[in-house]
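Chemist: Pasting the sequence and the predicted coordinates here, then a few questions.
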Amino acid sequence: MSKLIVITIEGLAVELMGCYGSNTAVTPALDTLAADGWVLDNLFLDSLQLPQQLTSLWTATHALARQAQQPNNESQ
């Protein structure tokens, strides 16, 4: 039986993770999990907002297909 663990972390730079080659890694537990699993090297986002990015990941639908709202910059 295969098992799947998906870990998403907003704001953690790959330069801090040993599984991406860092010599100064601060993520030993994640690096141990990655050593026995898959590491995504190329992941492309279809939205600027994390909730919509995760919805795309879990539903395999593009944000534009769901007519997801993008933030506008009119309030700045």
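Modeler: Thanks, I have it.

Chemist: and the longest helix for this structure?
Modeler: helix 50-59 (DSSP state H).

Chemist: Now that one: buried residues?
Modeler: Gln52, Gln53, Thr55, Ser56 (16 or more other Cβ atoms under 10 Å). Any C-beta I mention is one placed from the backbone N, CA and C, and that applies to glycine too.

Chemist: what about that helix, distance to the chain center?
Modeler: 10 Å (Cα atoms, centre = their mean, to the nearest Å).

Chemist: With stretch 11-19 instead?
Modeler: With Cα atoms, centre = their mean, you get 12 Å for stretch 11-19.

Chemist: ok, back up a step: tell me the mean pLDDT for the longest helix of the chain?
Modeler: The average pLDDT within helix 50-59 is 89.

Chemist: Just the C-alpha atoms of it, please, in CSV.
Modeler: In CSV, the C-alpha atoms belonging to helix 50-59 read as follows (Å, rounded to 0.1, in the frame of the first residue of the first chain):
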residue,chain,number,x,y,z
LEU,A,50,-1.9,30.5,-1.3
PRO,A,51,-5.5,29.2,-0.8
GLN,A,52,-6.1,29.2,-4.6
GLN,A,53,-2.7,27.6,-5.2
LEU,A,54,-3.6,24.8,-2.8
THR,A,55,-7.1,24.4,-4.4
SER,A,56,-5.3,23.9,-7.8
LEU,A,57,-3.0,21.3,-6.3
TRP,A,58,-5.8,19.3,-4.7
THR,A,59,-8.4,19.5,-7.5
